[in-house]
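Q: Sequence and predicted structure, then a few things I'm wondering about:
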Amino acid sequence: MSSRLEAEHLYKVFGRRPRQAVERLREGADREELRADGATAAVIDASFTVEPGEIFVVMGLSGSGKSTLLRTLNGLLEPTSGRVLFDGRDLTALDGRDLREVRSRKISMVFQHFALFPHRSVLDNAAYGLAVQGVPRREREERAAEALRLCGLAGWETSWPDELSGGMQQRVGLARALATDADLLLMDESFSALDPLIRRDMQDQLLTLQQTLKKTIVFITHDLNEAMRLGDRIAVMRDGRIVQTGTAQDILMRPANDYVASFVRDVDRSRVLTASAVMETAVRGDEADCGCETATPDTPFTALCALSARLTHPVAVLDGKRELVGVVPGQRLVRFLGDEEGATTACEGPRGGGKKVTARA
Ligand SMILES: Nc1ncnc2c1ncn2[C@@H]1O[C@H](COP(=O)(O)OP(=O)(O)OP(=O)(O)O)[C@@H](O)[C@H]1O
């Protein structure tokens with residue numbers, strides 16, 4: 001199976017003499033040297049592949065080049081050097097018309113602040129991409145209604161955007177992207193403007209949708225927690241370069257260099273590995289009724305392991321109001337850490353029948 005998307009040695013330099021700047025970068029110059037000469041190296045030698053159905057997260061601090069990289073992937077920005085292959089087709093070699101055609105039919109973008117049209121209904125907003133494609137009204141309304149249903153907005157079709165909460169508006173943006181049947185979704189900090197609970201809800205919703213839709217998604221975030229939750233693989237960017245690509249476990253357990261290690265540490269590892277990061281939020285409602293010990297969303301991962309080992313059923317997670325917000329099955333903890341060799345974090349229960357989770361420290 002060939003990759004859906006391939007970035008080959010992508011460079012994007014803004015400012016003076018960009019091509020010359022690329023040569024200097026290849027010869028070992030760094031970003032700061034170029035900056036002194038009036039050139040900004042936003043993306044430096046980025047290569048990666050994204051497989052069909054994969055969520056590929058690009059994570060990095062502000063200014064690391066994530067948005068620029070994303071915009072080169074759909075041809076909104078022309079790379080200074082390098083190629084982007086989409087289903088084996090070189091996007092960088094397409095003329096303007098062919099590129100627009102691919103962009104409108106095959107690729108959808110979901111932004112941080114999704115600009116909905118205030119004087120169009122939710123349905124018309126969700127159908128907008130299809131209207132641009134020239135899809136007849138009846139078909140586009142059917143497809144938009146289905147996309148809204150998938151995003152949990154059935155019944156809101158005739159509402160106006162300002163009747164919706166921020167999270168719901170963002171879901172309309174997602175529905176618009178899904179309605180077009182685009183194979184590739186490019187999501188630029190799509191959930192970053194939402195408050196934490198709604199944000200987590202959106203992350204869960206995306207993961208649920210992805211189980212059936214199996215889109216190919218490139219998701220940009222500066223938030224490690226979000227990257228860990230969503231990414232099948234994560235590329236960490238620093239100063240324009242991808243410094244590590246791997247699964248969440250790879251990044252956490254085997255950081256490629258001191259920067260990634262310190263980044264993981266600095267972003268607060270214990271916060272990443274808490275119940276809120278690993279719990280499943282699809283709940284029946286009665287999981288905490290047995291009176292056993294429970295966790296809170298902030299319970300650290302290791303405490304969760306110990307708690308899980310004392311129970312014969314998934315750990316119920318209750319919020320500050322003692323309301324059930326999720327469950328953590330034991331096997332999810334194991335899956336989260338993987339079963340790599342190395343230092344052992346034991347999650348053994350007092351009865352000796354508990355689970356054992358092994359991880360590299
Ligand atoms: N059009 C432009 N002209 C000049 N410099 C630019 C342009 N767009 C981005 N840059 C610069 O390129 C670098 C990378 O910016 P980019 O927006 O891609 O980073 P980012 O990781 O997405 O950051 P943020 O999360 O803050 O958006 C920054 O130094 C930025 O100032």
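A: Perfect, thanks for sending it. Numbering: from 1, shown residues only.

Q: quick one: buried residues of the host helix or strand of residue 302?
A: Using DSSP states H and E, the element containing residue 302 is helix 301-310. Within helix 301-310, the residues that qualify as buried by neighbour count (16 or more other Cβ atoms under 10 Å) are 301, 303, 304, 305, 306, 307, 308, 309. (C-beta placed from N, C-alpha, C; glycine too.)

Q: Need the pLDDT of the spatially closest residue to the first one that is not a sequence neighbour.
A: Once flanking residues are discounted, residue 301 sits nearest to residue 273: 3.5 Å by Cβ to Cβ, 6 or more residues apart in numbering. In this model, residue 273 is scored at 72, pLDDT.

Q: next one: the one 10 residues further on
A: Residue 283 is assigned 88 on the pLDDT scale.

Q: How about the contacts made by it?
A: Contacts of residue 283 were listed using Cβ atoms under 8 Å, 6 or more residues apart in numbering, and they are 324, 325, 326, 327.

Q: Now render those residues as CSV, adding pLDDT and distance to the ligand.
A: Listed next are the contacts of residue 283 as CSV, based on pLDDT from 0 to 100; distance: Cβ to the nearest ligand atom, whole Å:
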residue, pLDDT, distance to the ligand
324, 95, 35
325, 95, 29
326, 94, 29
327, 95, 34
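
Q: List just the nearest of these to residue 125.
A: Ranking the contacts of residue 283 by separation from residue 125, with Cβ to Cβ as the measure, puts residue 325 on top at 30.0 Å.

Q: Give me the neighbour count for the closest one.
A: The local packing count at residue 325 equals 20, with neighbours defined by other Cβ atoms under 10 Å.

Q: got the contact list for the closest residue to it other than its chain neighbours?
A: Counting by Cβ to Cβ, 6+ apart, residue 319 is the residue found nearest to residue 325 once chain neighbours are left out, at 4.9 Å. If a contact means Cβ under 8 Å, 6+ apart, then residue 319 has 296, 297, 325 as its contacts.

Q: Pull the contacting residues for the nearest residue to residue 229 once chain neighbours are set aside.
A: Of all residues not flanking residue 229 in the chain, residue 203 sits nearest, at 5.2 Å (Cβ to Cβ, 6+ apart). Counting by Cβ under 8 Å, 6+ apart, residue 203 touches 191, 226, 229, 230.

Q: For residue 203, give its distance to residue 8.
A: According to Cβ to Cβ, to the nearest Å, residue 203 stands 30 Å off from residue 8.

Q: what do you get for residue 96?
A: With distances taken as Cβ to Cβ, residue 96 is found 22 Å from residue 8.

Q: More neighbours: these two, which one.
A: For residue 96 against residue 8, the residue with the higher neighbour count under other Cβ under 10 Å is residue 8, and the figures read 17 against 8.

Q: The closest residue to the more buried one other than its chain neighbours: which element?
A: The spatially closest residue to residue 8, leaving aside those adjacent along the chain, is residue 83, at 4.5 Å (Cβ to Cβ, 6+ apart). Element membership of residue 83 [criterion: DSSP H and E] is strand 81-86.

Q: now that strand, how far from the chain's geometric center?
A: Here strand 81-86 is found 21 Å from its chain centre; the criterion is Cα atoms, centre = their mean, to the nearest Å.

Q: Sheet-wise, list the partners of the helix or strand following that strand with their directions.
A: Secondary structure here is assigned by DSSP H and E; on that basis, the next helix or strand after strand 81-86 toward the C-terminus is strand 89-90. Strand 89-90 has these partner strands in its sheet, going by DSSP bridges: strand 81-86 (antiparallel).

Q: List the buried residues for the partner strand?
A: For strand 81-86, burial by neighbour count (16+ other Cβ under 10 Å) applies to 81, 82, 84, 85, 86.

Q: Could you list which of the contacts of residue 319 belong to strands?
A: In this view, those that belong to strands under DSSP state E are residue 325.

Q: of all the contacts of residue 319, which comes closest to residue 286?
A: Using Cβ to Cβ, residue 325 is the member of those that lies nearest residue 286, at 14.0 Å.
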